[in-house]
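> model this:
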Amino acid sequence: MTAVQKRLVNAYATLVMGKRMTIEDVPNTEWELLNGTNTTLRTEVEMEVATREIAILG
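Coordinates of the predicted model:
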């Protein structure tokens with residue numbers, strides 16, 4: 001993931017966790033990661049939210 005993509009994921013994750021928007025409001029834009037695999041912005045935001053929740057609870 002590029003630095004710009006990572007910042008975008010972090011920003012959307014913060015908005016979702018802060019209840020300023022829902023995960024459904026996050027664009028489902030498809031991305032190609034640096035390793036050549038494909039993902040979507042929404043999937044990456046879901047993963048970031050889950051990672052943060054695990055860190056808080058762990």
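> got the residue ranges for the strands in this protein?
Applying DSSP state E to the chain gives strands spanning 30-32, 38-40.
> quick one, which of these gets closest to Leu15.
Taking CB to CB, strand 38-40 is the member of these nearest to Leu15, at 16.6 Å. Quick note: C-beta positions are derived from backbone N, CA and C, even for glycine.
> returning to that earlier point: redo the strands of the chain as TSV? Include mean neighbour count.
Output for the strands of the chain, formatted as TSV (neighbours: other CB atoms under 10 Å):
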stretch	mean neighbour count
strand 30-32	12
strand 38-40	13
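> and those, which one averages the lowest pLDDT?
Least confident of the strands of the chain, judged by mean pLDDT, is strand 30-32 with a mean of 93.
> list the contacts of that one.
Strand 30-32 is contacted from outside by 1, 5, 38-41, 44, using CB atoms under 8 Å, 6 or more residues apart in numbering.
> if we can go back for a sec, for Ala13, find the nearest of the strands of the chain.
strand 38-40 (13.9 Å).
> what's the single longest helix in the protein?
Counting by DSSP state H, the longest helix found in the chain is helix 41-57.
> buried sites along that one?
By 16 or more other CB atoms under 10 Å, the buried positions in helix 41-57 come out as 41-46, 48-49.
> from the chain's centroid, how far away is it?
Distance of helix 41-57 from the chain centroid (CA atoms, centre = their mean, to the nearest Å) equals 7 Å.
> and if you look at stretch 27-36?
The chain centre lies 11 Å from the centre of stretch 27-36; the measure is CA atoms, centre = their mean.
> quick one: least confident helix or strand in the protein?
strand 30-32 (a mean of 93; mean pLDDT, DSSP states H and E).
> stretch 29-42: end-to-end distance?
Using CA to CA, to the nearest Å, one end of stretch 29-42 lies 7 Å from the other.
> next one: that stretch to chain centre, how far?
With CA atoms, centre = their mean, you get 11 Å for stretch 29-42.
> that concludes my questions; thank you for your assistance.
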